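K.L.:
next input, structure requested:
(chains A and B)
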Amino acid sequence: NAGVTQTPKFQVLKTGQSMTLQCAQDMNHNSMYWYRQDPGMGLRLIYYSASEGTTDKGEVPNGYNVSRLNKREFSLRLESAAPSQTSVYFCASREAGREGYTFGSGTRLTVV
Amino acid sequence: QKEVEQNSGPLSVPEGAIASLNCTYSDRGSQSFFWYRQYSGKSPELIMFIYSNGDKEDGRFTAQLNKASQYVSLLIRDSQPSDSATYLCAGPSISGGYNKLIFGAGTRLAVHP
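P.N.:
Below is the predicted model:
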């Protein structure tokens, strides 16, 4: 039982490049989330998916897109990376009826 | 005003002391709050949640919720060097409830021998 799995763990991009961060959970959770964490800023919600087939914007959605491929997978895409998107990205999931989130191990992204 | 606010610290306490971490929130309607612990370079881990006014104890940890004053606290008794981490307070957002959990910036705790 792996919980929430994120790939890749590290990535360096050049400004303007695109990439997709992958997230998968094996806990049969309905809701999935993408957060970014920057020093002194805490965790900020980018996008979330309350259930399969739905996605909604969080606090900082600009420059990102998401896809809820199925109940297990929720991907985050950067179409044209910018240095301001240098951050640690965490995927999380939540079981229906419970409020606590389970986090993946994170992706450390650097945009140069 | 941020929905959830914490003092970033660092909070430094000697081993064996009580560490007190605090968090304030802006939504008077919030019913429950969460404390996550995050070791350096690792992901956040849920350690406590509290749903009602008053105290909730779990081992060396006590969470306190005061709805009238809109603050949440986490007490760690008999602090150990292994408790050194960043502690994140989180609560439901005004606009999205538990589907938009809002995190404070975190308080860094350092427990020295």
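
K.L.:
tell me the spacing between residue A:51 and chain B.
P.N.:
10 Å (C-beta to the nearest C-beta, to the nearest Å). (Glycine included, C-beta is placed from N, CA and C.)

K.L.:
got a list of what that residue touches?
P.N.:
A:30-31 (C-beta atoms under 8 Å, 6 or more residues apart in numbering or on different chains).

K.L.:
next, it: phi, psi?
P.N.:
phi -160, psi 170 (degrees, to the nearest 10).

K.L.:
likewise for residue A:81?
P.N.:
phi -60, psi 140.

K.L.:
wait, isn't it in contact with residue A:20?
P.N.:
No - contact criterion C-beta atoms under 8 Å: residue A:81 and residue A:20 do not qualify, at 11.3 Å.

K.L.:
out of these two, which sits in the busier spot?
P.N.:
residue A:81 (21 against 13; other C-beta atoms under 10 Å in any protein chain shown).

K.L.:
could you pull up the residues touching that one?
P.N.:
A:13-19, A:109, A:111.

K.L.:
hmm, which two among the residues you listed are most spread apart?
P.N.:
Largest separation among the contacts of residue A:81 by C-beta to C-beta: A:16 and A:109, giving 14.3 Å.

K.L.:
so between those two, which is more surrounded?
P.N.:
Using other C-beta under 10 Å as the criterion, residue A:16 and residue A:109 rank with residue A:109 on top: 20 against 10.

K.L.:
would you mind listing what in chain B touches chain A?
P.N.:
Taking C-beta under 8 Å from any C-beta of the partner chain as the criterion, the neighbours of chain A within chain B are B:6, B:8, B:32, B:34, B:42-46, B:49, B:88, B:90, B:92, B:96, B:98-106.

K.L.:
which among those residues count as buried?
P.N.:
Using 16 or more other C-beta atoms under 10 Å in any protein chain shown as the burial test, the residues of chain B next to chain A include B:6, B:32, B:34, B:43-44, B:46, B:49, B:88, B:90, B:92, B:96, B:98-106 as buried.

K.L.:
inside strands: which ones of those?
P.N.:
B:6, B:34, B:46, B:49, B:88, B:90, B:92, B:98-103 (DSSP state E).

K.L.:
other SSEs contacting the helix or strand containing residue A:37?
P.N.:
Residue A:37 belongs to strand A:31-38 when assigned by DSSP states H and E. When contacts are defined as 3 or more C-beta pairs under 8 Å, 6 or more residues apart in numbering or on different chains; DSSP states H and E, strand A:31-38 packs onto strand A:19-25, strand A:42-49, strand A:64-68, strand A:74-78, strand A:87-94, strand B:97-103.
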